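Trainee: The sequence isn't on hand, but the structure is:
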């Protein structure tokens with residue numbers, strides 16, 4: 001497998017991870033918005049921390065994908 005094909009494969013997997021993280025993030029935000037008044041403070045804090053962690057993951061995957069795309073331009 002050539003280097004270009006490997007980079008393309010990694011980009012494909014990053015697209016899958018990006019889509020999954022977006023779905024998780026949106027779902028967690030929607031759940032928190034719907035249940036904000038009924039859940040206790042500890043669960044709210046955990047949900048906000050979880051949303052922050054998933055959002056950081058989205059940003060990391062996005063940067064990783066753009067690094068790989070830039071790597072393709074150099075090949």
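Mentor: Everything's here; your move. From a predicted model like this one, the values you see are computed outputs, not experimental measurements.
Trainee: Which residue comes closest to the residue nearest in space to the middle of the chain once chain neighbours are left out?
Mentor: Nearest residue to the geometric centre of the chain (C-alpha atoms, centre = their mean): residue 58, 2.7 Å. Excluding the flanking residues, the one nearest residue 58 by C-beta to C-beta, 6 or more residues apart in numbering is residue 21, at 4.8 Å. (C-beta placed from N, C-alpha, C; glycine too.)
Trainee: Which positions within the helix or strand hosting that neighbour qualify as buried?
Mentor: Residue 21 is located in helix 3-35, with elements delineated by DSSP states H and E. Going by neighbour count (16 or more other C-beta atoms under 10 Å), the buried part of helix 3-35 is 7, 11, 14, 17, 18, 21, 24, 25, 28, 32.
Trainee: quick one: pLDDT of residue 64?
Mentor: Per-residue confidence (pLDDT) for residue 64: 97.
Trainee: Thought residue 57 was touching residue 21, still the case?
Mentor: Yes - counting by C-beta atoms under 8 Å, residue 57 is a contact partner of residue 21 at 5.2 Å.
Trainee: Stretch 31-44: how far from the chain's middle?
Mentor: 22 Å (C-alpha atoms, centre = their mean, to the nearest Å).
Trainee: Taking helix 3-35 as reference, get the angle to the host helix or strand of residue 52.
Mentor: Element membership for residue 52, per DSSP H and E: helix 41-74. In terms of direction (axes from the mean of the first three to the mean of the last three C-alpha atoms, to 10 degrees), helix 41-74 departs from helix 3-35 by 160 degrees.
Trainee: Dump the buried residues of helix 3-35 into CSV; add distance to residue 47 and pLDDT as well.
Mentor: Below are the buried residues of helix 3-35 laid out as CSV (distance: C-beta to C-beta, whole Å; pLDDT from 0 to 100):
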residue, distance to residue 47, pLDDT
7, 36, 93
11, 31, 96
14, 26, 97
17, 21, 98
18, 21, 98
21, 16, 98
24, 12, 98
25, 11, 98
28, 6, 98
32, 5, 97
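Trainee: contacting residues for the nearest residue to residue 72 once chain neighbours are set aside?
Mentor: Leaving aside its sequence neighbours, residue 72 sits nearest to residue 7 (C-beta to C-beta, 6+ apart; 5.5 Å). Neighbouring residues of residue 7 by C-beta atoms under 8 Å, 6 or more residues apart in numbering: 68, 71, 72, 75.
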